[in-house]
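Sequence first, predicted model second:
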Amino acid sequence: MIQNLISTEGSSPEDVYFSDKGALLLGDCLEVMKRIEDNSVDLILTDPPYNLGKYSTGNIELSWRSDFNNDVAEWDQGEFDPASLASEFRRVLSPTGTIFAFTSYNLIGRWHEIYDPLFDTFQFVAWHKTNPPPKFRRAGFLNSIELIICLWNKGHKWNFSNQADMHNFIESPLCGGNERVKDPKHPTQKPVKVLKRLLEYCTSDGDVVLDAFSGVGSTAAACVQNDRKFIGIERDLDFHRAAVKRISKEIDKPKQEALNLVIRND
Ligand SMILES: C[S@@+](CC[C@H](N)C(=O)[O-])C[C@H]1O[C@@H](n2cnc3c(N)ncnc32)[C@H](O)[C@@H]1O
C-alpha cells in the first residue's frame, strides 16, 4: 500500500490525497520527500523548473492577433539548482531504480556535473514536439526538442525487446484538446503519451513512481493508465487541486465506461 511508504504526520487532510493507486501531496518537495521511506521508489519521473526566467523576452505583441504568450511561469522566475534534489533522490530511489527528469539546454551541464558521479550512467532522451510554438520572426530554431535526462542505479533493468525500442527519441505533439487541463491551465503540462512511454522503458505493473514537481498530475495520470502506483508532490495549491480532480476522474474512468456500456445496452 502506498500509504505505508509515506508519513502524513503534521499534514492537514486537504494537503493529501490517497487512493489505492497512489498519493498526491501538497507542499515543497524538498520537505515532503523527507516523509517518503528509504529505497521505496522504482522510478523518479519528474519535470522540475528550467531556470529560464533570465532568458525570457516576455510576451510578443502582434498586430493581427492577441499577444503571443512567451512569459515565464512564476515558479520558473527563481533560481533552481538540480543539486538541491540529489540527496533525497538518492535516499528514496531503490537500488534497482531509474530517474527521468525533463530539463532545458541551460541546465544539462549542471545535471551532468552533479548526477553523473552519483549514479551508474548518465544519458538523455529527446522528445520531439511535432507542433511546437511558432516563431513568427523566423529568428532561430523552433523549440521543438525537449531533453529528458536519464540516470539509473546499478541493479536497474530495461524493458527493451529490440533495437528499435532503444532509440532515445520520442515523438508526440504538445498536449491539447480534452487532455489539456483548463482550470487552471498549466503552461508546461506534459502529454500522457510521452510519460507512458518513459514508464514502459523501465517499470512493471505495481511499481512506485515519484514525481516531485507534479503540476496538474500528468505523471499520475500516466501511472493510472499503465497500472503503476504514483506519488506526486506539488507546491501550488491550484495545480494540486486540479491534479486531485483530474486523477479522481481518471481512476473512475473504467467504472464510468462500464456504466455507459450498460446504459447503452439497456
Ligand atoms: C515544469 S512544471 C511540471 C508540470 C507537470 N509535468 C505537468 O504535466 O503538469 C514544474 C512544477 O513544479 C512546481 N514546483 C516548483 N518548485 C516546487 C517545489 N519546490 N516543490 C514542489 N513543487 C514545485 C511548480 O508549481 C510547477 O507546477
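Here it is on my side, so go on.

Using the three-state scheme, assign the residue of the stretch 101-250 of the chain found nearest the ligand.
For the stretch 101-250 of the chain and the ligand, the shortest gap (Cβ to the nearest ligand atom) falls at residue 215, measuring 2.3 Å. Every residue, glycine included, has its C-beta placed from N, CA and C. Here residue 215 is recorded as coil under DSSP: H, G, I helix; E, B strand; the rest coil.

so who does it touch?
47, 186, 188-190, 234, 239, 243 (Cβ atoms under 8 Å, 6 or more residues apart in numbering).

So which of these belong to helices?
Using DSSP state H, 239, 243 are the members of the contacts of residue 215 that sit in helices.

Can you give me the neighbour number for residue 155?
10 (other Cβ atoms under 10 Å).

Chain neighbours aside, what residue packs nearest to it?
Among residues not flanking residue 155 along the chain, residue 96 sits closest, at 3.9 Å (Cβ to Cβ, 6 or more residues apart in numbering).

for that neighbour, helix, strand, or coil?
On the three-state scheme (three-state DSSP), residue 96 is labelled strand.

Looks like it contacts residue 202 (just checking).
No: counting by Cβ atoms under 8 Å, residue 96 sits too far from residue 202 to count as a contact (9.4 Å).

list residues touching both of the two?
Residues touching both residue 96 and residue 202 comprise 156-157, with contact defined as Cβ under 8 Å, 6+ apart.

More neighbours: which of these two?
Legend: neighbour count by other Cβ under 10 Å for residue 96 and residue 202, higher for residue 202 (22 against 15).

which parts of the protein sit against the ligand?
By the rule Cβ under 6 Å from any ligand atom, the part of the chain lying against the ligand is 28-30, 47, 49, 75, 186, 188-190, 213, 215-216, 218, 233-236, 239.

ok now do the spatially closest residue to residue 191 that is not a sequence neighbour, which residues does it touch?
Spatial nearest neighbour of residue 191, excluding adjacent residues (Cβ to Cβ, 6+ apart): residue 175 at 4.0 Å. For residue 175, the contacting residues are 189-192, 218, by Cβ under 8 Å, 6+ apart.
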